[in-house]
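J.: Quick one, what's the 3D model for this:
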Amino acid sequence: MHHWLDVPAAQNCPQILVTVAKVVGSGPREAGAKMRVTSQHSFDTIGGGHLELRAIEIARQMLALPDDSLAAQRRLERFPLGPALGQCCGGVVHLAFERLTDERNLSEIRQRLNLGQDSWRLLALDAADAVALFDQSASQLSGAQLAAPLLAQLTKTIQTTFATQGTQLLLDANGQRYLLDACLADTPHLMLFGAGHVGAAIVRALAELPCRITWVDEREDMFPAVLPRNVTVEATDSPEALIDCAPAGVSFLVLTHSHLLDQHLTDHILRRNDFAWFGLIGSHTKRMQFEHRLRERGVTPASLERMVCPIGLPGIRGKQPAVIAASIAAQLLQVWEQLEQDRQAQQQAQQQAQPPQSAQNIQPPEQPPTSPPNQTQTQIQTQLAEHSPAAPNQDALAACH
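T.: Numbering: from 1, shown residues only. This next block holds a predicted model:
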C-alpha cells in the first residue's frame with residue numbers, strides 16, 4: 001500500500017516524507033516504509049517507538065526552517081537502535097527526510113500505480129535537485145537530467161537486482177548520496193523458508209509470475225548463483241526476526257530441512273494476525289503434532305486454523321519436487337486471486353457506504369507534541385501510548401495549515 005501518496009502535497013500544508021532508506025541488522029520496519037509529518041500530525045508509521053518519535057521531531061525541525069535552505073528540503077540520518085534509542089531490535093536504521101513540494105511528480109506515480117506500473121524515484125540527498133522518475137526499464141520519465149556515470153549505475157541497478165531489493169541508498173563517483181525509492185505496484189509477497197529441492201523448485205515455478213519472493217535459509221551455499229528477477233535471498237541464522245519484521249499482508253511458506261525449525265517458525269508466524277496466508281509442508285500427522293505442541297505454548301485454536309498443512313492442491317499426489325512445486329504454485333495463485341477479489345469488493349463497499357463529506361465539518365484529531373530530547377522515560381512511555389499512527393486523512397491535512 002502507498003498511503004503516503006493518497007493526499008496531495010498542498011502548498012498550504014507543508015509536509016516532510018520520512019523514508020526508511022536502509023536497515024542493517026534488525027529494525028522495526030523494512031526499507032521503503034514511510035510516514036508523512038506535518039507541524040501538527042503524522043500519518044502512517046516507520047515502526048513506532050523512540051525511532052519514530054525522534055523522526056517526527058527532526059521532521060518538525062525541518063518544517064520550521066526557511067523553505068529555500070537545503071536543511072529544510074533533504075536530510076539523511078543514521079540511528080543505532082540499541083545504543084542511541086534503547087530499542088530491542090538492535091540494528092541500524094538510516095532515515096531519509098524529504099520536504100514534499102512537487103505534486104506533479106506524486107500525481108504521475110499515482111497514475112502509474114493505478115495502471116499497475118512500477119516506478120522508481122531518485123532523490124538527491126546532498127542537493128535540492130528535482131526528483132527524477134524512472135520506469136521499470138530505467139527510462140527516465142521526468143526530473144533532473146543525470147550525469148552519464150550515475151545514469152549508467154542507476155540503469156544497471158534497476159534492470160538487475162533492484163526490483164527485488166526495494167528502496168536503497170546509492171553513492172555516485174563524487175560521493176553524492178541518493179535515495180533510490182521503489183514505488184512498486186501491489187503484488188503478492190511470499191516469504192519462503194527453506195532452500196532445499198522443493199524450495200528451489202517452488203522458486204523456479206514462481207519466477208515468471210506476478211509476485212515477489214523473499215527466500216530464506218541459514219545455508220548460504222544452498223542458493224543458486226543466478227536468481228530470478230522477483231527473488232531476493234536472506235541467508236540468516238535468525239529467520240524469526242524476518243517474520244517479526246515482515247510487512248502486513250505477506251504470505252508465509254515453511255519447508256525447511258528441520259522439523260524443529262519448522263515448529264519454531266510456525267510459532268512465530270501464528271502469533272501474528274496480519275498475514276495473508278501460511279502454508280507448512282508436511283502430512284496430517286505432522287499437523288496434529290504441531291497443533292498439540294503449539295497449543296501447549298499458548299497458540300490459540302483460531303490461529304492454528306489459519307495454518308495450511310498439508311499444502312498443495314487436492315488430488316495431486318506426486319512426490320517429485322517439480323510436481324509439488326507446481327501444485328503449491330497453483331494453490332498460491334488461487335489464494336492471491338481470491339485475496340485481490342476480496343480487497344476490491346471491500347474497497348467498492350467502502351466507497352458506496354461512505355457519503356461525501358465536507359472537510360470543514362471534520363475536525364482533525366489532536367496530536368501530542370513531541371517531547372524534547374531530554375524527556376524522562378515516563379514521558380516517553382506516555383507519548384508512545386498516545387501516539388497512534390494512521391493512514392493519511394484528506395480532511396486532517398486539509399485543515400492543518
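J.: Run a quick neighbour tally on residue 341.
T.: When counting by other Cβ atoms under 10 Å, one arrives at 10 neighbours for residue 341. Every residue, glycine included, has its C-beta placed from N, CA and C.
J.: Now it: which helix or strand?
T.: If you go by DSSP states H and E, residue 341 is part of helix 321-353.
J.: Just checking the distance from that helix to the centre of its chain.
T.: Taking the mean of its C-alpha atoms, helix 321-353 sits 19 Å from the chain's own mean (Cα atoms, centre = their mean, to the nearest Å).
J.: Now it: buried residues?
T.: 321, 324, 325, 326, 327, 328, 329, 331, 332, 335, 336 (16 or more other Cβ atoms under 10 Å).
J.: Could you report the distance from the residue lying closest to the fifth one once chain neighbours are set aside to residue 94?
T.: This means residue 327. Nearest non-adjacent residue to residue 327, counting by Cβ to Cβ, 6 or more residues apart in numbering: residue 312, 3.6 Å away. Computed as Cβ to Cβ, to the nearest Å, the residue 312 to residue 94 distance reads 41 Å.
J.: just residue 226 next, same as before
T.: 29 Å.
J.: Which of those two has more residues huddled nearby?
T.: Shown here are residue 226 and residue 94; by other Cβ under 10 Å, residue 94 has more neighbours (20 against 5).
J.: on that earlier part again, doesn't the residue nearest to residue 327 lie inside a helix?
T.: No - secondary structure of residue 312 (DSSP: H, G, I helix; E, B strand; the rest coil): coil, not part of a helix.
J.: Number of residues surrounding it?
T.: For residue 312, using other Cβ under 10 Å, the count is 21.
J.: in the helix or strand in which residue 289 is found, what's buried?
T.: Per DSSP H and E, residue 289 falls inside helix 284-296. For helix 284-296, burial by neighbour count (16+ other Cβ under 10 Å) applies to 286, 287, 290, 291, 294.
J.: Quick check: the farthest pair among these?
T.: Spatially, the most separated pair among the buried residues of helix 284-296 is 286 and 294, at 12.0 Å (Cβ to Cβ).
J.: can you pull the contacts of the residue nearest to residue 327?
T.: Listed by Cβ atoms under 8 Å, 6 or more residues apart in numbering, the contact partners of residue 312 are 324, 327, 328, 331.
J.: can you tell me how far the last one sits from residue 338?
T.: When you say that, I think you mean residue 331. In terms of Cβ to Cβ, residue 331 sits 11 Å off from residue 338.
J.: Distance from the chain centre to stretch 73-85, please.
T.: Centroid displacement of stretch 73-85 relative to its chain, using Cα atoms, centre = their mean, is 19 Å.
J.: contacts for it?
T.: So stretch 73-85 is contacted by 21, 26-28, 49-51, 54, 58, 62, 67, 87-99, 123-128, 169, 177, 179 (Cβ under 8 Å, 6+ apart).
J.: These, buried ones only, as a ChimeraX selection?
T.: This is the ChimeraX syntax for the buried subset of the contacts of stretch 73-85, where burial follows 16+ other Cβ under 10 Å:
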select :21,26,27,28,49,50,51,54,58,62,87,89,91,92,93,94,95,96,97,98,99,123,124,125,177,179
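J.: Among the contacts of stretch 73-85, which lie within strands?
T.: Counting by DSSP state E, the contacts of stretch 73-85 place 21, 92-99, 123-124, 169, 177, 179 in strands.
J.: Would you mind giving those as a markdown table with distance to residue 221 and pLDDT added?
T.: Output for the ones in strands among the contacts of stretch 73-85, formatted as a markdown table (distance: Cβ to Cβ, whole Å; pLDDT from 0 to 100):
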| residue | distance to residue 221 | pLDDT |
| --- | --- | --- |
| 21 | 30 | 92 |
| 92 | 27 | 89 |
| 93 | 29 | 91 |
| 94 | 30 | 94 |
| 95 | 34 | 96 |
| 96 | 34 | 95 |
| 97 | 40 | 96 |
| 98 | 40 | 93 |
| 99 | 46 | 92 |
| 123 | 37 | 90 |
| 124 | 39 | 90 |
| 169 | 28 | 89 |
| 177 | 34 | 92 |
| 179 | 33 | 91 |
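J.: Return the set of residues that bridge with the closest residue to residue 123 other than its chain neighbours.
T.: Distances taken as Cβ to Cβ, 6+ apart put residue 179 closest to residue 123, at 4.3 Å, once the chain neighbours are dropped. Note on residue 179: beta-bridge partners by DSSP bridges are residue 123, residue 169.
J.: following the helix holding residue 289, which helix or strand comes up?
T.: Assigned by DSSP H and E, the successor of helix 284-296 is helix 301-305.
J.: and that next one, what's its mean pLDDT?
T.: Throughout helix 301-305, pLDDT has a mean value of 96.
J.: Repeat that for stretch 150-162.
T.: Mean predicted lDDT for stretch 150-162 stands at 72.
J.: Next: stretch 62-75.
T.: If you average the pLDDT over stretch 62-75, you get 88.
J.: ok, now stretch 221-229?
T.: 89.
J.: Repeat that for stretch 270-277.
T.: On average, stretch 270-277 scores 93.
J.: What are the contacting residues of the helix or strand in which residue 141 is found?
T.: Assigned by DSSP H and E, residue 141 belongs to strand 140-142. Strand 140-142 has contacts (Cβ under 8 Å, 6+ apart) with 104, 105, 108, 119, 130, 132, 133, 134, 135, 146, 151.
J.: How much space separates residue 246 from residue 118?
T.: Per Cβ to Cβ, residue 246 is found 21 Å from residue 118.
J.: Count the neighbours of residue 4 for me.
T.: Using other Cβ under 10 Å, residue 4 is surrounded by 23 other residues.
J.: Local confidence estimate at it?
T.: 75.
J.: check contacts around it.
T.: 17, 34, 35, 36, 43, 44, 392 are the contacts of residue 4 under Cβ under 8 Å, 6+ apart.
J.: just residue 295 next, same as before
T.: Taking Cβ under 8 Å, 6+ apart as the test, what residue 295 contacts is 301, 304.
J.: change it to 7 Å
T.: If a contact means Cβ atoms under 7 Å, 6 or more residues apart in numbering, then residue 295 has no contacts.
J.: just for the protein, where's the confidence low?
T.: Within the chain, the ranges that satisfy pLDDT under 70 run 1-3, 6-12, 83-90, 159-166, 347, 351, 354-401.
J.: And it, what are its domain boundaries?
T.: Residue ranges for the domains of the chain, per automatic domain parsing: 3-101, 103-183, 189-343.
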